[in-house]
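Engineer: Predicted model and sequence below, questions to follow.
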Amino acid sequence: KRLQCPSCLASKMAQASNAANMLNMLAKWAAGLGIAGSLAQSALYTVDGGERAVLFDRFRGVLPESTTEGMHVLVPWLQSPTIFDIRTRPRSISSITGTKDLQMVNITLRVLSKPNIDKLPDIYKNLGTDYDERVLPSIGNEVLKAVVAQYNAVELLTMRDQVSHKVREALTLRANDFNIQLDDVALTHLSFGEEFSRAIEVKQVAQQEAERSKFVVQKTEQEKKAAVIRAEGESEAARLISDATQSAGPGMIELRRIEAAREIAYNLARSRNVAYLPSQANMLLGMNQGN
């Protein structure tokens, strides 16, 4: 085996040392870039459309201003964002309460709500992100019980618009105390107990029967009036005929008889089921004599 010269070995060792140094430098740069990228990513946050962010600072607490849509910068570890959905959301609130006449009613309320954007930091501090679940069912039941107690069961059915308007006004005022805005409030379901529903059905049947009896009475009265008018007309006609007979003599009666006979003869002539026979001779006997 051939032995390499010392100068060649030194040269190769220097090249290997340089390559190792370059690799170490690249590794350091890569690690630095990774750390820098991680820090940059943790220092940025994005707020999507229809949302707002509330920042919590470890030194100052909840910041008084919420951030709008877009990309924003924060101090990593020191600050953390909490995202709020500010779009209108529906919620149904059901309650079983008593009316003014002590009837139990099952009523359902549909509410469209959203947070007050200017008060998001206060909402976060006092209620949290689930503010609607904490507040709306409680104040909804409170308002429904207070308003329904002012009406009896029948009024809830006949004055439903007024009841819904009162519930909307009262619930909007209560929600404003918690920085919640209500876009719409409506009564979607209203039902009573089985006994009251049966009583309403019986009452409706009785009302229909009363209306039918009233119609029969009115019809009978109209028939009586018509009979009286018809009798008065016939009496007047008889009087006129009597006066005409007294003034014209038997000739008036004879004229009426002729007119009646003419009308009968005209109707018989137009009928196809009438056959004319001689009044004195026997038609069958006449035929036998001819043969």
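Structural biologist: Yes, it's here.
Engineer: ok, which stretches of the stretch 101-250 of the chain are strands?
Structural biologist: Applying DSSP state E, counting those that start in this stretch to the stretch 101-250 of the chain gives strands spanning 104-115, 180-192.
Engineer: what's the angle from the first one to strand 180-192?
Structural biologist: By that I understand strand 104-115. Orientation note: strand 104-115 sits at an angle of 160 degrees relative to strand 180-192 (axes from the mean of the first three to the mean of the last three Cα atoms, to 10 degrees).
Engineer: for strand 104-115, which positions count as buried?
Structural biologist: Using 16 or more other Cβ atoms under 10 Å as the test for burial, strand 104-115 gives V105, I107, L109, V111, S113, K114, P115. C-beta coordinates here come from the backbone N, C-alpha and C atoms, glycine included.
Engineer: As a check, name the ranges of all helices in the stretch 151-291 of the chain.
Structural biologist: Ranges of helices in the stretch 151-291 of the chain, per DSSP state H, counting those that start in this stretch, are 153-158, 160-176, 194-248, 250-270, 283-290.
Engineer: quick one: contacts for K224?
Structural biologist: Listed by Cβ atoms under 8 Å, 6 or more residues apart in numbering, K224 has no contact partners.
Engineer: Report the separation between it and R230.
Structural biologist: Separation of K224 from R230 (Cβ to Cβ, to the nearest Å): 11 Å.
Engineer: repeat for L63
Structural biologist: In terms of Cβ to Cβ, L63 sits 95 Å off from R230.
Engineer: Apart from its chain neighbours, what residue comes closest to the spatially most central residue of the chain?
Structural biologist: With distances taken as Cα atoms, centre = their mean, the residue of the chain nearest its centroid is T188 (6.5 Å). Leaving aside its sequence neighbours, T188 sits nearest to R110 (Cβ to Cβ, 6 or more residues apart in numbering; 4.7 Å).
Engineer: I figured the one you found hits L171, correct?
Structural biologist: No: in this structure, R110 is not within contact of L171 by Cβ atoms under 8 Å, at 11.4 Å.
Engineer: For I229, give its distance to L240.
Structural biologist: In terms of Cβ to Cβ, I229 sits 16 Å off from L240.
Engineer: for L102, that is, sorry about that
Structural biologist: In terms of Cβ to Cβ, L102 sits 71 Å off from L240.
Engineer: what's the answer for V54, then?
Structural biologist: Look at V54 and L240: by Cβ to Cβ, they are 101 Å apart.
Engineer: how long is stretch 114-123 end to end?
Structural biologist: Counting by Cα to Cα, to the nearest Å, you get 12 Å between the two ends of stretch 114-123.
Engineer: quick one: buried residues of that stretch?
Structural biologist: In stretch 114-123, counting by 16+ other Cβ under 10 Å, buried: K114, P115, L120, P121, D122, I123.
Engineer: what's the offset of stretch 102-119 from the middle of its chain?
Structural biologist: In terms of Cα atoms, centre = their mean, to the nearest Å, the centre of stretch 102-119 is found 15 Å from the chain centre.
Engineer: which regions of this protein sit below the pLDDT cut-off?
Structural biologist: Residue ranges of the chain with pLDDT under 70: 1-12, 14, 32-40, 244-245, 248-253, 272-291.
Engineer: Pull out the buried positions in stretch 60-72.
Structural biologist: Buried residues in stretch 60-72, counted by 16+ other Cβ under 10 Å: S66, T67.
Engineer: Use 674 as the first number from now on
Structural biologist: Got it, first residue is 674 now, which makes that one stretch 733-745.
Engineer: So what touches it?
Structural biologist: Residues beyond stretch 733-745 that count as contacts (Cβ under 8 Å, 6+ apart) turn out to be 717-722, 724-730, 754, 757, 790, 793-794, 797-798.
Engineer: out of those residues, which are inside helices?
Structural biologist: Per DSSP state H, helices hold the following members of these: L793, P794, Y797, K798.
Engineer: Would you check how far apart the second one and L717 are?
Structural biologist: With distances taken as Cβ to Cβ, P794 is found 21 Å from L717.
Engineer: Equivalent analysis for the third one, please.
Structural biologist: Distance of Y797 to L717, computed by Cβ to Cβ: 21 Å.
Engineer: now the last one
Structural biologist: In this structure, K798 and L717 are separated by 25 Å, where distance is defined by Cβ to Cβ.
Engineer: That concludes my questions; thank you for your assistance.
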